[in-house]
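*Asks:* what follows is a predicted structure for the sequence shown.
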Amino acid sequence: MTSSTTNDRTRHFPPTFLWGAATASYQIEGASTVDGRGPSIWDTFSHTPGAVWNDDNGDVACDHYHRMDEDLDLMADLDIGAYRFSVAWPRIIPDGTGQVNQRGLDFYRRLVDGLRDRDIEPTLTLYHWDLPQPLEDRGGWTVRDTAEAFAAFVEVVARTFGDDVERWITLNEPWCSSWLGYGSGHHAPGIRDIGMAAAANHHLLLAHGLAVPILRETIAQAKVGITLNLSDHRPGSEDPLDVAAARRADGNLNRLFLDPIFHGRYPEDMLAHYSKFSPGFSVVHEGDLELISRPIDFLGVNYYSPVTVVDESRATEARTAGYIVATGDQFPDLCLRGLETPGRDRTAMDWEIQAAGLTALLVHIRDEYSTLPIYITENGAAFDDYVDPNGRVLDFNRVAYLQEHISAVHDAIDAGVNVQGYFVWSLLDNFEWAFGYSRRFGIVWVDFPTGTRLPKESFHWYRDAIASNTVQYAQSPGSR
């Protein structure tokens, strides 16, 4: 094994293990109308009354656009080996197609150069949900033209940064873009149509497939991957109805993306399930799955919490068994209900804390899909942080969460999974999508009225873990 656990419970990571932090453009940059940036679907959505908590928006956010050097110095102090960030498509090509905005490229050039100057590897995500609004006006991800426009955008970015960026991520969490954006309407552009969500699912994957060869042809040394939000799905009981419900949940979140990328096909049960929705997967063209399944160099995994479900017909039995049962589901076609275990620790997002689910997920990916390198490209937790009278943010609950989950990554490495790095979410408190500024994920506190940054206790803990390349063994609540 390349890692070890000593008697003092110190868990050592491989010498080449990559420690990083992650952010996303719309969540931190602000400067939404500065230097030629065009509107994105999130600008439109966040300015729609009632769409976002407190009617918050990303107009200013963390003002990273104007405070880049301060944030770069924070990263240097943290001593991360890599920084995962996304480029805003409407900052670079404001209309989505056509004229390139050089001032937008210049901003990211300063960022990449600033990272290199501090010996931090840039890990560039090409799409983290901020679709140019003019493309949405023409159908967004429900139409094939958007995937082709994305390919042209990728070529512009690739030619600009070339070998200065080694690790490229085509898409972040295409499930959220498709199913939350077009299915439940909880995210931009706020459409509620299952058939459109399925079409968006495919066109996002097609965009990934089109981007891969562009990156390889443009940058000889490029390492190319995609980031998926995945979870460990569990039935609430051994009843066949609950087992089938967990399978449907897994199909929607996990298999609709993993199967086409690694097996070159959509899962048959999901195709059958969505066949009654239009346009659905009727948008698939001959040859598309060959494009989507082109080889990649790594898989990015975003993990926050496991998912336990029952068939909706068994909700009463689940309550009788002691579970808290969700009152509804954002995708009623799946006919399931989520379960909460009373007494189990949860984050401010109301997500169950169970790090053992991360180990199980990683082993499952290795066994069912690929032995490619895996990077944990997001993992972290929102809590109700505050600055105490001594001017400190003592977020020990976040420290415990990170310790348990990084320990779970170590468990996966010991089980033979090829995990090569970990990126904490997030470097900064930020605009948390539909939750606005009501949820804090950062290891750095941001005072949003002033923009002042303050490293939290978790920042110092993570810096020590990076410096020692170790984590103290922490038993996940899910394994007790």
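*Replies:* Looks like it arrived, so ask away.
*Asks:* for residue 182, what are its contacts?
*Replies:* 140, 141, 142, 189, 191, 192, 193, 196, 197, 199, 200 (Cβ atoms under 8 Å, 6 or more residues apart in numbering). Using the backbone N, CA and C atoms, a C-beta is placed for each residue, glycine as well.
*Asks:* sorry, slip of the keys, the one I care about is residue 310.
*Replies:* Contact analysis of residue 310 by Cβ under 8 Å, 6+ apart lists 235-237, 239, 241-242, 245, 317-318, 323, 325, 336-337, 339.
*Asks:* turn those residues into JSON lines, including neighbour count.
*Replies:* Converted to JSON lines, the contacts of residue 310 look like this (neighbours: other Cβ atoms under 10 Å):
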{"residue": "235", "neighbour count": "22"}
{"residue": "236", "neighbour count": "26"}
{"residue": "237", "neighbour count": "18"}
{"residue": "239", "neighbour count": "16"}
{"residue": "241", "neighbour count": "18"}
{"residue": "242", "neighbour count": "24"}
{"residue": "245", "neighbour count": "24"}
{"residue": "317", "neighbour count": "17"}
{"residue": "318", "neighbour count": "21"}
{"residue": "323", "neighbour count": "20"}
{"residue": "325", "neighbour count": "19"}
{"residue": "336", "neighbour count": "30"}
{"residue": "337", "neighbour count": "24"}
{"residue": "339", "neighbour count": "24"}
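*Asks:* can I get those in TSV with distance to residue 376 and pLDDT?
*Replies:* TSV is the format used below for the contacts of residue 310 (distance: Cβ to Cβ, whole Å; pLDDT from 0 to 100):
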residue	distance to residue 376	pLDDT
235	25	97
236	27	95
237	30	96
239	33	97
241	33	98
242	29	97
245	27	98
317	35	94
318	31	94
323	29	92
325	30	94
336	27	96
337	29	97
339	25	95
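*Asks:* redo the residues you listed as a markdown table? Include secondary structure and distance to residue 49.
*Replies:* Shown next, in a markdown table, are the contacts of residue 310 (DSSP: H, G, I helix; E, B strand; the rest coil; distance: Cβ to Cβ, whole Å):
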| residue | secondary structure | distance to residue 49 |
| --- | --- | --- |
| 235 | strand | 40 |
| 236 | coil | 37 |
| 237 | coil | 42 |
| 239 | coil | 43 |
| 241 | helix | 40 |
| 242 | helix | 39 |
| 245 | helix | 35 |
| 317 | helix | 41 |
| 318 | helix | 36 |
| 323 | coil | 36 |
| 325 | strand | 32 |
| 336 | strand | 31 |
| 337 | strand | 30 |
| 339 | strand | 33 |
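*Asks:* any stretches of this structure with poor pLDDT?
*Replies:* Scanning the chain with the threshold set as pLDDT under 70 gives 1-7, 475-480.
*Asks:* all helices of the stretch 301-450 of the chain, in order?
*Replies:* For the stretch 301-450 of the chain, the helices defined by DSSP state H, counting those that start in this stretch occupy 315-320, 356-368, 396-414.
*Asks:* tell me which strands and helices the last one is in contact with?
*Replies:* Spelled out, it's helix 396-414. helix 356-368, strand 419-425, helix 457-468, strand 470-472 (3 or more Cβ pairs under 8 Å, 6 or more residues apart in numbering; DSSP states H and E).
*Asks:* out of these, which is closest to residue 163?
*Replies:* Among the helices and strands packed on helix 396-414, the nearest to residue 163 by Cβ to Cβ is strand 419-425 (19.8 Å).
*Asks:* contacting residues around the closest one?
*Replies:* Contacts of strand 419-425 (Cβ under 8 Å, 6+ apart): 14, 16-22, 81-82, 84, 123, 298, 302, 362, 373-380, 402, 406, 409, 412-413, 441, 443, 462.
*Asks:* any quick ChimeraX command for the buried ones out of the residues you listed?
*Replies:* Selection of buried members from the contacts of strand 419-425 for ChimeraX, criterion 16 or more other Cβ atoms under 10 Å:
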select :17,18,19,20,21,22,81,82,84,123,298,302,362,373,374,375,376,377,378,379,380,402,406,409,412,413,441,443,462
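*Asks:* confirm that residue 66 sits in a helix.
*Replies:* No. Applying DSSP: H, G, I helix; E, B strand; the rest coil, one finds residue 66 to be coil, outside a helix.
*Asks:* ok, and the closest non-adjacent residue to it?
*Replies:* residue 31 (6.7 Å; Cβ to Cβ, 6 or more residues apart in numbering).
*Asks:* and that neighbour, which of the three is it?
*Replies:* Assigned by three-state DSSP, the conformation of residue 31 is coil.
*Asks:* tally of neighbours for it?
*Replies:* For residue 31, the count of nearby residues is 18 (other Cβ atoms under 10 Å).
*Asks:* ok, now which ones touch it?
*Replies:* By Cβ under 8 Å, 6+ apart, the residues touching residue 31 are 37, 60, 63, 65, 66.
*Asks:* over to it: give its phi and psi.
*Replies:* Main-chain torsions, residue 31, degrees, to the nearest 10: phi 50, psi 50.
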